[in-house]
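1. Need the 3D shape of this:
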Amino acid sequence: MTMIDVHNHLYPKPWMDFLEGRAGSPTMRRTGPTNFVFSHEGMRLATVSKPGHYEWEPRIKDMDEYGIDIQMVSLTTPGVELFPKADGITWAKKVNDYLAEGCRKYKGRFYALATLPYQDVKASLKELERCHKELGVKGITIFSNLAGKPIYLKEFLPIYEAAESLDLPFFVHPAPPLTTDAMKKARMPLPLYGFILDTTMAVTGLIFEGIVERFPKLKIIHAHLGGVFPYMVGRIDDCFYTYQKDFGYSLSQPPSAYYKKNVWVDTISFHLPSMKCCLEYMGVNRLLIGTDYAHPIGGPERVAKFVKALKLPKEDNEKIFWKNAAKLFKLKV
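-> Purely as a prediction, here's the structure:
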């Protein structure tokens, strides 16, 4: 069966070289021949362990082994928005050019999601236009917070307006979370709760603050089976109506209605009851295959196994494995 992987990452080697051993944060250190650890403010963000995590040819071999036909490839954390403005602009261009070159060289196997220098909105709009016109990107990566700023601040509205106009989906991926200090105090790894809560707050904020209502054609992919949103829908709607006057919220529909209309989720969960719950809430047309390839908490072979364990009809399996993604990203498969 055809498989399109919408959640995976490739670390461009020049980007890794830039990060390696640099003073300050974020940074990267080598821990073995093919092993690297990325850290921010003393907390481990990501781990690389295979050549395919940063080289194209080994990646294709892994894809063939796991039955992955196409990857929507993106940069993962740490992102370029964590750096000074000039560095962010420079590296956004370099990363996008690097991914675009891989897409050209291995045409049909890879499609890129744009990296933007969110610390400069005008530069982001300029880079997005370039990526769309010259590089043929199929979507945009946005992190769950932008160097500590919520992604639903008014300053970012022009980016959402442009994305809606260009019909490019946003992939919301974890950043160093706003709860980093809390995770440190709790003595727990960031990916456990920090990452998942951060993306959930980001997407919830886009809805609560009216951005999704303002740009009704926005398309959002919420990583990791939708964080915790699909499992807290009742509380999310209740909290909105209980506290909307406190925060000045105003929506014409319940928050959950916008989520079901504008959001897709990937299948990275590895827990069958959660998959069933999400499927019941979101519907089969909103689920996409994701592997988190390049991160240790993931695995292409595990994702396919859990989707198949849902025991859905063949037509529904095909939607999750590739048809939904092909439609969302307008791919000819």
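2. What ranges does the stretch 151-300 of the chain have for its helices?
-> For the stretch 151-300 of the chain, the helices defined by DSSP state H, counting those that start in this stretch occupy 157-166, 180-186, 194-208, 211-214, 223-226, 233-247, 255-262, 272-282, 300-308.
3. Out of the ones you listed, flag the one nearest G24.
-> Among the helices of the stretch 151-300 of the chain, helix 180-186 comes nearest to G24, with 15.7 Å by Cβ to Cβ. Every C-beta, even on glycine, is put in place using the N, C-alpha and C of the backbone.
4. Mind listing what's buried along the closest one?
-> T180, M183 (16 or more other Cβ atoms under 10 Å).
5. circling back to that earlier point, confidence-wise, which of the helices of the stretch 151-300 of the chain is weakest overall?
-> The stretch with the lowest mean pLDDT among the helices of the stretch 151-300 of the chain is helix 300-308, at a mean of 85.
6. packing partners for that helix?
-> On a contact count with 3 or more Cβ pairs under 8 Å, 6 or more residues apart in numbering; DSSP states H and E, helix 300-308 meets helix 56-66, helix 272-282.
7. ok, and what's touching the last one?
-> Helix 272-282 is contacted by residues 225-226, 230-231, 233, 260, 263, 265, 267, 269, 287, 306-307, 309-310 when judged by Cβ atoms under 8 Å, 6 or more residues apart in numbering.
8. Provide a ChimeraX selection command restricted to the buried entries of these.
-> Per 16+ other Cβ under 10 Å, the buried members of those correspond to this ChimeraX selection:
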select :225,226,230,231,233,263,265,267,269,287,306,307,310
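9. For the residue of the chain most remote from its centre, give its distance to K154.
-> What lies farthest from the middle of the chain is K245; by Cα atoms, centre = their mean that is 31.3 Å. Using Cβ to Cβ, to the nearest Å, we find K245 at a distance of 20 Å from K154.
10. Now do the lengthiest helix in the chain: which elements does it pack against?
-> Longest helix in the chain by number of residues (criterion: DSSP state H): helix 85-105. Secondary-structure packing of helix 85-105 (3+ Cβ pairs under 8 Å, 6+ apart): helix 13-19, strand 70-74, strand 110-114, helix 121-130.
11. orientation of the third one relative to helix 121-130 in degrees?
-> Read it as strand 110-114. 160 degrees (axes from the mean of the first three to the mean of the last three Cα atoms, to 10 degrees).
12. per-residue pLDDT, the most centrally placed residue in the chain?
-> Centroid check for the chain by Cα atoms, centre = their mean gives H173 as the closest residue, at 3.2 Å. Looking at H173, its pLDDT is 97.
13. Wait, it touches E81, no?
-> No: assessed by Cβ atoms under 8 Å, H173 is found out of contact with E81, at 11.9 Å.
14. shared neighbours, those two?
-> F143.
15. For H295, see how far away the residue nearest to the centre of the chain is.
-> 11 Å.
16. Give the residues shared as contacts by the two.
-> With Cβ under 8 Å, 6+ apart, H173 and H295 have common neighbours T76.
17. Double-check that R30 belongs to a helix.
-> No: going by DSSP: H, G, I helix; E, B strand; the rest coil, the assignment for R30 is strand, not a helix.
18. and F36, how many neighbours does it have?
-> 19 (other Cβ atoms under 10 Å).
19. ok so it is a strand residue?
-> Yes: when classified by three-state DSSP, F36 is found to be part of a strand.
20. okay, now K50: neighbour count?
-> K50, neighbours per other Cβ under 10 Å, totals 14.
21. wait, what's in contact with it?
-> T34, P58, D62, A294.
22. Run through the residues that contact the nearest residue to the third one once chain neighbours are set aside.
-> This points to D62. In space, D62 comes closest to G52 once its chain neighbours are excluded; the distance is 4.5 Å by Cβ to Cβ, 6 or more residues apart in numbering. Residues counted as contacts of G52 (Cβ under 8 Å, 6+ apart) are P58, R59, I60, K61, D62, Y293, A294.
23. Give me the distance between G52 and K305.
-> 20 Å.
24. Same question for V80.
-> 34 Å.
25. So for these two, which sits in the more crowded spot?
-> V80 (25 against 12).
26. Before I go, just wanted to say thanks for your time.
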